[in-house]
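Visitor: Mind folding the following:
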Amino acid sequence: MMNVQIQLASRPQGVPVVDNFKTVEVPVPELKDGQVLVRHHYLSLDPYMRGRMDEGKSYAQAQALGAVMIGGTVGVVQASKHRRFQAGDWVAGMGGWQLYSVVDGDPGALHKVDVSLVPASAYLGPVGMPGVTAWMGLREIIAPKAGETVVVSAASGAVGSVVGQLAKAQGCRVVGIAGGPNKCEYVTHTLGFDACIDHKTHGNVKAMSAALKAACPQGIDGYFENVGGYILDAVMIRMNAFGRIAVCGMIAGYNGEPVPMAHPSLILVSRLKVQGFIVSEHMDLWPQALNELGAKVSSGQLKYRETISHGLASAPEAFLGLLKGKNFGKQLVQLV
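Guide: Residues are numbered from 1 along each chain as shown. You can find the predicted model right below:
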């Protein structure tokens, strides 16, 4: 049986291009004792992958050239030589950009998922890494109290959409920032944010700061950061004393662009807590987060949206589109 993989062929020089990837066919290896063969149904595409394509200093090892691109997957066990897994089990793991993966079945590499509770694809979105990222940044770093104001950038995306809904459930005023009227309407009407600012019509610090002042009359107590750049500068101007900023991503600088902070003195003046975090370094929190998120998705309390491209060959273009904000909600590739 043959497997199709997409590998990293070369490191991007600035903005990634399709030619940075290559498609190869390789035989599926024979299963050894303790291993599991998984047929992937969905592949997750996420902004963190852009950082892995570079060789510079980072929180994780760079993606190796000539190796399968890293990525979360959900799929079905085809064959198993591990006592915990049987053919037909639905599982989630880090199978990468390929149709099949052979995985060591020991704890951590794969976990079973219940597709009778929530759809399989949700285990790569609100009930997966993006959802846990949102949960952790909000609960552990921003830790908002009822009545406080929380601002979320990339508010219509896989992470931001969950942050805002969880903050609303905690009694906060929640203001989103998103790109374009369609995304902003979704953020307020479907997700239930109190307001949403379109960064495409507020494209500089002055305009964004004025919009934030209007949307956040009591100032900003918590900010969930996915973007960086001038949006962070505008938010910091409006932060209340002892405000908390959870730094999840800085997509404005993913292609190596400098993203200097205009007013770092505000960290001192406003006694701000600014904390970056990597969700995979806090595995002890995942079970609690996933239980809560799964229950909220299953009951319909937590809404989410997906952009799905079809076939493994579509992954590079879909990924490049994600980095430009062309997706709406969680970006996935359907493989079956």
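Visitor: tell me which element R271 falls in.
Guide: Secondary structure assigned from DSSP states H and E places R271 in neither a helix nor a strand.
Visitor: what about it, distance to D46?
Guide: R271 sits at a distance of 33 Å from D46 (criterion: C-beta to C-beta, to the nearest Å). (C-beta placed from N, C-alpha, C; glycine too.)
Visitor: Compare the two (neighbour count), which wins?
Guide: Per other C-beta atoms under 10 Å, whichever of R271 and D46 has more neighbours is D46, with 23 against 12.
Visitor: quick one: the more buried one and M69 touch, right?
Guide: No. Judged on C-beta atoms under 8 Å, D46 makes no contact with M69 at a distance of 11.1 Å.
Visitor: Can you report how many residues neighbour the residue lying closest to L285 once chain neighbours are set aside?
Guide: Using C-beta to C-beta, 6 or more residues apart in numbering and skipping the chain neighbours, the partner closest in space to L285 is M136 (5.9 Å). If you count neighbours by other C-beta under 10 Å, M136 ends up with 21.
Visitor: quick one: G164 and F193 touch, right?
Guide: Yes. G164 lies in contact with F193 (C-beta under 8 Å); the separation is 5.0 Å.
Visitor: which residues do those two both contact?
Guide: V152, A155, V174, G176, V187 (C-beta atoms under 8 Å, 6 or more residues apart in numbering).
Visitor: Look at the third one and give its secondary structure.
Guide: Three-state secondary structure (criterion: DSSP: H, G, I helix; E, B strand; the rest coil) places V174 in strand.
Visitor: show me the contacts for it.
Guide: Taking C-beta under 8 Å, 6+ apart, one finds T149, V150, V151, V152, G164, A167, K168, F193, D194 in contact with V174.
Visitor: do the second one as well
Guide: The neighbours of A155, taking C-beta under 8 Å, 6+ apart as the test, are S161, V163, G164, G176, I177, A178, K183, V187, L191, F193, C196.
Visitor: Just checking: what are the partner strands of the helix or strand harbouring the fifth one?
Guide: Assignment of secondary structure by DSSP H and E places I177 within strand 173-178. Strand 173-178 has these partner strands in its sheet, going by DSSP bridges: strand 149-153 (parallel), strand 195-198 (parallel).
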